[in-house]
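Trainee: from the sequence below, what's the structure:
(one chain, ligands or ions: 1)
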Amino acid sequence: MFPLGDCTLNPLQPLITADNIALLVGGRQLLKDITVELSQGEIVTLIGPNGAGKTTLLRLLLGLSQPSQGRIWRREGLRIGYMPQRLHIDGSMPMSVERFLQLGQPRMKLSQARSALQRVGAEQLIGATLANLSGGEMQRVLLARAASRKPQLLVLDEPTQGVDVGGQSELYQLIATLRDELDCGVLLVSHDLHLVMAATDRVLCLNQHICCHGHPEQVSRHPAYLELFGDKVAPYTHQHNHQHKLSGDIAVAGNTSNRHPDSTPKNKEQK
Ligand SMILES: Nc1ncnc2c1ncn2[C@@H]1O[C@H](COP(=O)(O)OP(=O)(O)OP(=O)(O)O)[C@@H](O)[C@H]1O
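Mentor: Numbering: from 1, shown residues only. The predicted model follows:
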């Protein structure tokens, strides 16, 4: 493990390292035993069922909240482009796409806004009103905004939400192209391993802890992954070994519990 100060000295060192982090909120264990590393030029996908803690982990890695245990190192001065899971737009606010791209970047010129959109194949949207965009168009605009900051790390929380299947694989290809163009690291959250396979170097399968990790092909055959998602790799189906209540707690028929099935002694997870 390297100290934080060294991160600026060696570009080969990871953009982010988390060492054995855990998060306990109100007596509830949201995350535990998480050790991850993210390097420049690699695409890492975080996959897991609803309530697994994917967004919570992203927030910790980004420094938006603090772990109860363990340590996180970020390369000093790390420029991050963040694409949120969803953006609620007030329909009564007539904001143009151009203006939206300039938010927080007041020096961005019209030509720069255009080229940011061009990069994601959405230059025709420059004059559109944000509230009128379709789901797929909105995702491209959010991606254009995240990439326009010339990030060293692009963090994408379910970037294909609201996009049809054809559009999803196109968007994942676009993300891989952006990684090449920007030479950045990419950390993305997805529910759908088979869609991200081609555009991912490494997968972390999360369910409060890291159930398994590795190359997408390896993960798709891993017993822990199969236990969580079922054995149908393509097409992917949402087969979970448990259900979550709206609170995120595990719901067991005739009973409720916030214990994850993996925490039971009979779980035979293979790492
Ligand atoms: N600040 C908080 N306080 C209490 N519980 C929280 C907090 N943040 C998240 N949670 C809970 O942690 C669990 C994980 O939430 P998170 O949003 O990280 O899951 P996720 O894997 O991103 O889910 P999804 O796939 O549905 O987006 C949920 O049960 C959520 O209710």
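Trainee: ends of stretch 72-81, how far apart?
Mentor: 18 Å (C-alpha to C-alpha, to the nearest Å).
Trainee: identify the residues contacting it?
Mentor: 2-5, 7-8, 13-19, 21, 60-63, 145-155, 184 (C-beta atoms under 8 Å, 6 or more residues apart in numbering). Backbone N, C-alpha and C define where each C-beta goes, glycine included.
Trainee: what parts of this protein come near the ligand?
Mentor: 25-26, 30, 48, 50-56, 247-248 (C-beta under 6 Å from any ligand atom).
Trainee: of those, buried ones?
Mentor: For the residues of the chain next to the ligand, a neighbour count by 16 or more other C-beta atoms under 10 Å gives the buried set as 30, 48, 51-54, 56.
Trainee: which ones among those residues lie within helices?
Mentor: Members of these lying in helices (criterion: DSSP state H): 54, 56.
Trainee: quick one on the thing from earlier: export the residues of the chain next to the ligand to JSON lines and tack on distance to residue 220?
Mentor: What follows is the residues of the chain next to the ligand, written out as JSON lines (distance: C-beta to C-beta, whole Å):
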{"residue": "25", "distance to residue 220": "31"}
{"residue": "26", "distance to residue 220": "35"}
{"residue": "30", "distance to residue 220": "26"}
{"residue": "48", "distance to residue 220": "14"}
{"residue": "50", "distance to residue 220": "19"}
{"residue": "51", "distance to residue 220": "22"}
{"residue": "52", "distance to residue 220": "17"}
{"residue": "53", "distance to residue 220": "21"}
{"residue": "54", "distance to residue 220": "18"}
{"residue": "55", "distance to residue 220": "23"}
{"residue": "56", "distance to residue 220": "24"}
{"residue": "247", "distance to residue 220": "30"}
{"residue": "248", "distance to residue 220": "25"}
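Trainee: which single one of the residues you listed is nearest to the ligand?
Mentor: Of all the residues of the chain next to the ligand, the ligand sits closest to residue 248, with 1.4 Å by C-beta to the nearest ligand atom.
Trainee: just the pLDDT at the closest one, thanks.
Mentor: Here, the pLDDT recorded for residue 248 equals 40.
Trainee: list the buried residues of the top helix by length along the chain.
Mentor: If you go by DSSP H, the chain has its longest helix at helix 165-182. Judged by neighbour count using 16+ other C-beta under 10 Å, the buried positions of helix 165-182 are 167-172, 174-176, 178-179, 182.
Trainee: next SSE downstream of that helix?
Mentor: Next helix or strand after helix 165-182 toward the C-terminus (DSSP states H and E): strand 185-190.
Trainee: put the alpha carbons of the helix or strand following that next one into CSV.
Mentor: Using DSSP H and E, the helix or strand that follows strand 185-190 towards the C-terminus is helix 193-196. Output in CSV follows, covering the C-alpha atoms of helix 193-196 (Å, rounded to 0.1, in the frame of the first residue of the first chain):
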residue,chain,number,x,y,z
LEU,A,193,-23.3,-8.1,-17.1
HIS,A,194,-23.8,-9.5,-20.6
LEU,A,195,-24.3,-6.0,-22.0
VAL,A,196,-21.2,-4.5,-20.5
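Trainee: convert stretch 42-61 to CSV, retaining C-alpha atoms only.
Mentor: What follows is stretch 42-61, C-alpha atoms only, in CSV (Å, rounded to 0.1, in the frame of the first residue of the first chain):
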residue,chain,number,x,y,z
GLU,A,42,-9.2,0.5,-17.3
ILE,A,43,-13.0,0.1,-17.3
VAL,A,44,-14.2,-1.5,-14.1
THR,A,45,-17.9,-2.4,-13.8
LEU,A,46,-19.7,-2.7,-10.5
ILE,A,47,-22.5,-5.1,-10.7
GLY,A,48,-25.0,-6.3,-8.1
PRO,A,49,-28.7,-6.6,-7.4
ASN,A,50,-30.9,-3.7,-6.1
GLY,A,51,-29.8,-2.5,-2.7
ALA,A,52,-26.4,-4.2,-3.0
GLY,A,53,-24.6,-0.9,-2.1
LYS,A,54,-23.3,0.0,-5.5
THR,A,55,-24.2,3.7,-5.3
THR,A,56,-23.1,3.8,-1.7
LEU,A,57,-19.7,2.4,-2.7
LEU,A,58,-19.4,5.0,-5.5
ARG,A,59,-20.1,7.8,-3.0
LEU,A,60,-17.4,6.5,-0.7
LEU,A,61,-14.9,6.2,-3.5
